[in-house]
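Asker: Mind looking at a prediction? Sequence and model below.
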Amino acid sequence: MAKPKVVITRKIPAEAEERARGLFDVELNASDTPLGATGLARAMREADGLLPCVADKVTAELLAMPGRRTKIVANYGVGYNNIDVEAAKENGVVVTNTPDVLTEDTADLALTLMLATARRVGEGERELRSGRWTGWRPTHMLATQVHGKTLGLIGIGRIGRAVARRAHLGFGMRIIYHDPYPLSEAETAALGAERKESIEAVLRESDFVSLHCPATPETKHLMNASRFAQMRKGSILINTARGDVVNEGDLIAALRAGTISGAGLDVFEKEPTVPAELTSMENVVLLPHLGSATLETRVAMGMRAIDNLEAFFGGTAPRDRVA
Ligand code: 8YV
């Protein structure tokens, strides 16, 4: 029987590409340039399965396209807001994601951003590298402490819990959170966490606010001017979730006005475009969407997406089906 045809839209680690080659009639993207809407349309006309990444917009138009051959979209990533899931359901296209394997890395990066922003790591590095460091002095680049402070989590799913563990057990932080799906009493106690009834209640008491919710129509611009106004003076926002969750214009205004004192951001509203207002600010740490960017995890994400494709084409239920 002919192998199913699968298009992998971007270069993924070699080990995963090798495995895909063995299982499928696979089209790889050796040049690693984005396919764009036209390339994705061609891929979905020609292939039985698509393995896209966060920047590939799998739109309703593509999913409803006459002549579409693709029956499964196995996203490379836990977040799948790049895919119109409703349109996938309507058109009978299966969608899967890659949870679990990137939880710990993303939590590590959230802590990296928290420490780097609070302790002025980017600013210090820029000063030193540009030859502006004039030597040690007691009042040089004074920062704000991290350990023992209050961390507010918006969302307490897999990644939120991994962040809470690190912050509570490693940094002695008090953890408060809001999530429509609360933790069990036992989990709450193990994380030293406390649930708050509203996002505002979390914002009002937190020294650091870290976002760990999915990007959905409900969470679009969840952090906006009125929510920034609820945050404590001197507090810091961390975003390793999705750019859409934050109104970037309102964030810039809040930083400018000193409503909050800093931000550590791994994701942006219009990636890879980052507003010049942010790149020119010293009190923000900006990373190019590196949450899951370790070799081990990127291999594991490839394997997990391939597991989903293999199950689907083998006639069994893919483990990570989201539509
Ligand atoms: C990926 C991510 O880098 O999993 C996610 O949701 O944001 C990152 O792990 C990205 O999705 C690649 O497609």
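Answerer: Ah, there it is.

Asker: show me what contacts the residue of the stretch 51-200 of the chain found nearest the ligand?
Answerer: Distance from the ligand to each residue of the stretch 51-200 of the chain (Cβ to the nearest ligand atom) is smallest for Gly77, at 2.4 Å. Any C-beta I mention is one placed from the backbone N, CA and C, and that applies to glycine too. Gly77 makes contact with 53-54, 97-98, 102, 292, 301 under the criterion Cβ atoms under 8 Å, 6 or more residues apart in numbering.

Asker: May I ask which two of these are separated the most?
Answerer: Spatially, the most separated pair among these is Cys53 and Leu102, at 12.8 Å (Cβ to Cβ).

Asker: which of the two has more neighbours?
Answerer: More crowded of Cys53 and Leu102, by other Cβ atoms under 10 Å: Leu102, with 24 against 17.

Asker: wait, what's in contact with that one?
Answerer: Each residue near Leu102 by Cβ under 8 Å, 6+ apart is listed here: 77-78, 291-292, 297, 300-301.

Asker: Could you identify the least confident member of the contacts of Gly77?
Answerer: Within the contacts of Gly77, the minimum per-residue pLDDT falls on Val54 (95).

Asker: count of neighbours near it?
Answerer: Residues lying near Val54 (other Cβ under 10 Å) number 19.

Asker: wait, isn't it in contact with Ile83?
Answerer: No. Between Val54 and Ile83 there is no contact under Cβ atoms under 8 Å: 9.9 Å.

Asker: these two touch, right, Met114 and Asp266?
Answerer: No. Met114 is beyond contact range of Asp266, at 11.4 Å (criterion: Cβ under 8 Å).

Asker: what about those two, which has more around it?
Answerer: A direct count of neighbours by other Cβ under 10 Å for Met114 and Asp266 places Met114 higher, at 27 against 24.

Asker: Contact partners for that one?
Answerer: Contacts of Met114 (Cβ under 8 Å, 6+ apart): 146, 151, 167, 208, 210, 236, 238, 264.

Asker: Now for the residue of the stretch 151-300 of the chain found nearest the ligand: which residues touch it?
Answerer: Among the residues of the stretch 151-300 of the chain, Ser292 lies nearest to the ligand; the distance is 3.2 Å by Cβ to the nearest ligand atom. By Cβ under 8 Å, 6+ apart, Ser292 lies in contact with 77, 102, 105-106, 298, 301.
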